[in-house]
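just the structure for this:
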Amino acid sequence: MAVSASTEFDVKAPPALVMEVLLDVESLPDWSGPHKSAKIVTTDDEGRPLRVDLSVSAVGMTDHQSLDYSWTDNTCAWELVQSDQLSLQQGVYTLSEKADGTTHVKFDLTIDLKIKLPGLIVKRAQKMAVDTAKKGLTDEVKRRS
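Numbering: from 1, shown residues only. The predicted model follows:
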């Protein structure tokens, strides 16, 4: 059964800087604890990542994933292509500029595991994903500004 998590938060930086961090997917291991490696496999005509291979470790499991990314001026979205542990993963960061020049971020993630795990472990993994999306991204944007 698929589970979803989402959060919304503000980052004291312009959307262009937040998007710069998201586009730099190979830096994920630097600001997202669960991500152990990230390698861009293919890019689009503008040099943005399209296919990315990742190694992710959460709740005692390591997973090797291939994700397909899609980009707009204000979104970074991805969908699972292949994984050892997941049958589904869809995520999206949606950015909107606030009147004061800062960025409002909405993060949505849906996953479905190939194997059944206790609900407590799944909820812990969800919380970790949401916390990383919020704190990790915010801290990395702050570091780069």
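
and the strands in the chain?
Secondary structure of the chain by DSSP state E: the strands cover 3-11, 35-43, 49-58, 61-71, 75-83, 86-97, 103-113.

just checking, what packs against the longest one?
Okay, so that is strand 86-97. helix 15-23, strand 61-71, strand 75-83, strand 103-113 (3 or more Cβ pairs under 8 Å, 6 or more residues apart in numbering; DSSP states H and E). Any C-beta I mention is one placed from the backbone N, CA and C, and that applies to glycine too.

next one: the first one to chain centre, how far?
Put plainly, it is helix 15-23. Relative to the centre of its chain, helix 15-23 is centred 12 Å away, using Cα atoms, centre = their mean, to the nearest Å.

where does this structure have low pLDDT?
59, 117-122, 125 (pLDDT under 70).

please report the distance of the residue lying closest to residue 93 once chain neighbours are set aside from residue 100.
For residue 93, ignoring the flanking residues on the chain, the nearest one in space by Cβ to Cβ, 6 or more residues apart in numbering is residue 76 at 4.6 Å. Going from residue 76 to residue 100 by Cβ to Cβ, to the nearest Å gives 22 Å.

before we move on, the earlier item: ok, which of the strands of the chain comes nearest residue 26?
Among the strands of the chain, the nearest to residue 26 by Cβ to Cβ is strand 35-43 (5.1 Å).

show residues contacting that closest one.
25-29, 49-57, 62, 66 (Cβ atoms under 8 Å, 6 or more residues apart in numbering).

report the beta-bridge partner residues of residue 68.
Note on residue 68: beta-bridge partners by DSSP bridges are residue 51, residue 79.

if I pick it, what's in contact with it?
50-51, 78-79, 81.

neighbours around residue 95, how many?
20 (other Cβ atoms under 10 Å).

which ones are touching it?
Shown in contact with residue 95 (Cβ under 8 Å, 6+ apart): 15, 18-19, 74-75, 103-105.

just residue 65 next, same as before
Going by Cβ under 8 Å, 6+ apart, residue 65 touches 53-56, 80-84, 86, 89.

with residue 94 instead?
74-75, 105-108.

now, which of those residues sits nearest residue 142?
Closest approach to residue 142 among the contacts of residue 94 (Cβ to Cβ): residue 105, at 13.2 Å.
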